[in-house]
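# quick one, fold the following:
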Amino acid sequence: MAKYNEKIKDRIVSLIEKDNYTVTEICESVNISRKTYYEWRNKFPDFNKAIEEVSDRFKESILAEARRALRLKLNGCKTTSTTFKYVPDENGELRLKEKTVKVQECLPDLRTIQSVLERCDDKHQKPSSVKERENRPIILTVGSEEDRLLYQSTAEGFVGHLQSDKSVPELDKDMRAG
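I've put the predicted structure just below:
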């Protein structure tokens, strides 16, 4: 096991703050083994606490970035870039010849909006009690009146078993063939 010191701890903390490196990448960067890393985490509470704290801060910063990116996709945005073109004058000094301002509009992303709305609806739509789950409709879609008549008794038996909390009956021969 390599000798533990604050300098190595600080380098490890710095690496974790910068990016989501793997333990292997961190250990290679500071010239210690994975075994040493985990031994230090178990043996030195200050080392373990520093690693946990910096990991939590990194996760929070990543979540904040993800929220900002999601907000941009939901709301859309405008980006502006300015380009300056200089040319030398008769004395050799640079003079502004041209200034170009480009404004690019990024429209809201409809798939992102739809996904967020569906997730929000799912949270509000989910039945919260057993009674609400029991009263949800079961919808079976069939292609024709003939199919409806064929599967109706099996479907009624299935629903009856669901409501009585018994195991689901074996599907009849006609249902398995369909």
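
# SS state for Thr79?
For Thr79, the assignment made with DSSP: H, G, I helix; E, B strand; the rest coil gives strand.

# let me see the contact set for the residue nearest to it when sequence neighbours are not counted.
Sequence neighbours aside, Gln104 is the residue nearest to Thr79 in space, at 4.9 Å (criterion: Cβ to Cβ, 6 or more residues apart in numbering). Every residue, glycine included, has its C-beta placed from N, CA and C. By Cβ atoms under 8 Å, 6 or more residues apart in numbering, Gln104 lies in contact with Lys78, Thr79, Thr80, Ser81.

# for my notes, confirm Gln104 occurs in a helix.
No - going by three-state DSSP, the assignment for Gln104 is strand, not a helix.

# any chance of the contacts of Gln104 in a markdown table, plus distance to Glu146, pLDDT and neighbour count?
Below are these laid out as a markdown table (distance: Cβ to Cβ, whole Å; pLDDT from 0 to 100; neighbours: other Cβ atoms under 10 Å):
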| residue | distance to Glu146 | pLDDT | neighbour count |
| --- | --- | --- | --- |
| Lys78 | 58 | 85 | 8 |
| Thr79 | 59 | 87 | 10 |
| Thr80 | 64 | 92 | 8 |
| Ser81 | 64 | 93 | 9 |
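
# and of the residues you listed, the nearest to Tyr37?
Thr79 (41.6 Å; Cβ to Cβ).

# so that closest one makes contact with Val103?
Yes - counting by Cβ atoms under 8 Å, Thr79 does reach Val103; the two are 7.4 Å apart.

# list the buried ones in the longest helix seen in the chain?
For the chain, the helix with the greatest residue count under DSSP state H is helix 45-75. By neighbour count with 16 or more other Cβ atoms under 10 Å, helix 45-75 contains the buried residues Phe47, Ala50, Ile51, Val54, Phe58, Lys73.

# closest one of those residues to Tyr86?
Proximity of these to Tyr86 (Cβ to Cβ) peaks at Lys73, which lies at 36.9 Å.

# residue contacts, that closest one?
Contacts of Lys73 by Cβ under 8 Å, 6+ apart are Pro108, Asp109, Thr112, Ile113.

# go again with 7 Å.
Shown in contact with Lys73 (Cβ atoms under 7 Å, 6 or more residues apart in numbering): Pro108, Asp109, Thr112.
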